[in-house]
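Chemist: sequence first, predicted coordinates after that:
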Amino acid sequence: MDHGPVLPARSHSCVRTILFPAILLSTSGHASPIDGTWADRVVYAVHEGQAIYETGVGTPLTFGPFNPANPLWQDPAAAIGPPNTIDYDDLIGFGPVPGGFAGGPMRRIHLAWPAWQWGSGNPDHLGDRPGWLDGRRQNGVGLTQAAQLVVEFDQPVSNNPDDGGAYHWGIDLIVHGNASFAATTAVAADANLNALTLTGGLIAEPLEIVVAQSPSGPWFVADVPGDALFPTQPWAWDRAAGAWTGEPQDWSKPVDPSLTVAELTAGSAADAIDLYDGSAGGTGIDLERLTDETGNPASLDWIRFVRVRDPAGNGGEICALADVPAGPPPGSGCNAADLALPLGVLDLADIGGFVGAFSIGDPLADIADPAGVLDLADIALFVDSFVGECP
């Protein structure tokens, strides 16, 4: 897909007879622990077909050098978990603080202000100006042509069917890099994004994204690069007030993949955020749009491993990788069983969505307490909610 120029009613009587056998067969009587949205660990090597999570054993999968020019982008583990949402303000500069030197006060990351130094995901740190060695988190890992990063998801990233743009356009995986849109002026922390004009360019350092079901491969190349479209946008902007709301954007919702650089930079930063439609950005990967090792089109039903490389020497960075759920965000439907589109209607799509998610340990099916475990409580709540219908 050309993104433009890149610069440096249903019958309730059958519910219990359909739903319970399908789910109970998948659980074998055991509760299933689940994990969250983000990549769970770095895979340093593979040995006899098994992933290895330390160096010095097996065939290396993750290795440097990682961005030798900047020590803040050399830790592969920085790509695990959610991305940072705030970062030091380079426009204000460096200076002495207790424990060392630091840049200016911590400020919000957005699509025209990327991460660069030490960062944090805690909004309570906004305005802080602490020292370097205070436990703040690195923003990600920087690649070189000689380096490679492989990460693993505990639960499979599933191939979502194309929903025609109702939520995810068939996007399955989101990769957050460190790209940004260029603005006409330096972007101050207190800038009104309604008036901040974008100039038509994307500052990007594209990286190759490759996926697999096993750490031994085979590996399949994604059709779009990482650290390119779409720059990370963690925070919601209030256009009427000309200020940040303090609320997060949706990390698991992709940006419309048909949007181009020209469309996104035809106006202000606030206009671009509106086009994101509540998404926190990131490159969207569709498991229907892959290429195999011989260059032929391919697709996969699911993956667990993602490999990132920089064959062109662009010097890109990876900050996080997120699984896109099969349906809308939990809680957005009319009740706990309304898990699939169209929202407000309980039908076979909701049953299929729940059964599918439950069978692979997807958090989408984690609708009852205790959180983090898939068990009979989730099944009971789904059935009761489905029979109860939408208000």
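Modeler: Looks like it came in fine.
Chemist: the stretch 201-350 of the chain: strands as residue ranges?
Modeler: 208-212, 220-222, 235-238, 243-248, 283-285, 290-291, 297-298, 302-309, 317-318, 320-323 (DSSP state E, counting those that start in this stretch).
Chemist: list the buried residues in the third one.
Modeler: When burial is assessed from 16 or more other C-beta atoms under 10 Å, strand 235-238 yields the following buried residues: Trp235, Ala236, Trp237. All C-beta atoms are positioned from the backbone trio N, CA, C, and that covers glycine.
Chemist: which one of these is nearest Arg137?
Modeler: Trp235 (17.5 Å; C-beta to C-beta).
Chemist: identify the bridge partners of that closest one.
Modeler: Pro248 (DSSP bridges).
Chemist: OK, contacts around it?
Modeler: Applying C-beta atoms under 8 Å, 6 or more residues apart in numbering, we find Trp235 in contact with Thr85, Arg108, Ile109, His110, Trp244, Thr245, Gly246, Glu247, Pro248, Gln249.
Chemist: among those, which one sits closest to Gly200?
Modeler: For the contacts of Trp235, the nearest to Gly200 is His110 (17.8 Å; C-beta to C-beta).
Chemist: quick one: contacts for that closest one?
Modeler: Leu193, Pro231, Thr232, Gln233, Pro234, Trp235, Trp237, Ala269, Ile273.
Chemist: adding pLDDT, write those residues out as a markdown table.
Modeler: Output for the contacts of His110, formatted as a markdown table (pLDDT from 0 to 100):
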| residue | pLDDT |
| --- | --- |
| Leu193 | 97 |
| Pro231 | 98 |
| Thr232 | 98 |
| Gln233 | 98 |
| Pro234 | 97 |
| Trp235 | 97 |
| Trp237 | 98 |
| Ala269 | 98 |
| Ile273 | 98 |
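Chemist: which one of the residues you listed is nearest Lys253?
Modeler: Nearest to Lys253 among the contacts of His110, counting by C-beta to C-beta, is Gln233 at 11.1 Å.
Chemist: report how many residues lie close to the closest one.
Modeler: Other residues lying near Gln233 total 25 when counted by other C-beta atoms under 10 Å.
Chemist: verify the stated contact: it with Gln249.
Modeler: Yes - the criterion here is C-beta atoms under 8 Å, and Gln233 meets it with Gln249 at 5.6 Å.
Chemist: circling back: got the contacts of His110 as a markdown table, with distance to Gly177 columns?
Modeler: Listed next are the contacts of His110 as a markdown table, based on distance: C-beta to C-beta, whole Å:
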| residue | distance to Gly177 |
| --- | --- |
| Leu193 | 21 |
| Pro231 | 8 |
| Thr232 | 8 |
| Gln233 | 13 |
| Pro234 | 14 |
| Trp235 | 18 |
| Trp237 | 21 |
| Ala269 | 18 |
| Ile273 | 18 |
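Chemist: just want the most central residue of this protein.
Modeler: Centre of the chain computed as the mean C-alpha position; nearest residue by C-alpha atoms, centre = their mean is Ala322, 2.9 Å away.
Chemist: what pLDDT does the model give that one?
Modeler: Ala322 is assigned 97 on the pLDDT scale.
Chemist: what bridges to it?
Modeler: Residues in beta-bridge contact with Ala322 (DSSP bridges): Trp38, Ile174.
Chemist: what's near enough to touch it?
Modeler: Taking C-beta under 8 Å, 6+ apart, one finds Thr37, Trp38, Ala39, Pro82, Leu173, Ile174, His176, Trp251, Ser252, Gly282 in contact with Ala322.
Chemist: gap between the first one and Thr85?
Modeler: The spacing between Thr37 and Thr85, counted by C-beta to C-beta, to the nearest Å, is 15 Å.
Chemist: just the second one next, same as before
Modeler: Taking C-beta to C-beta as the measure, Trp38 and Thr85 are separated by 14 Å.
Chemist: who has more neighbours out of the two?
Modeler: Thr85 (25 against 21).
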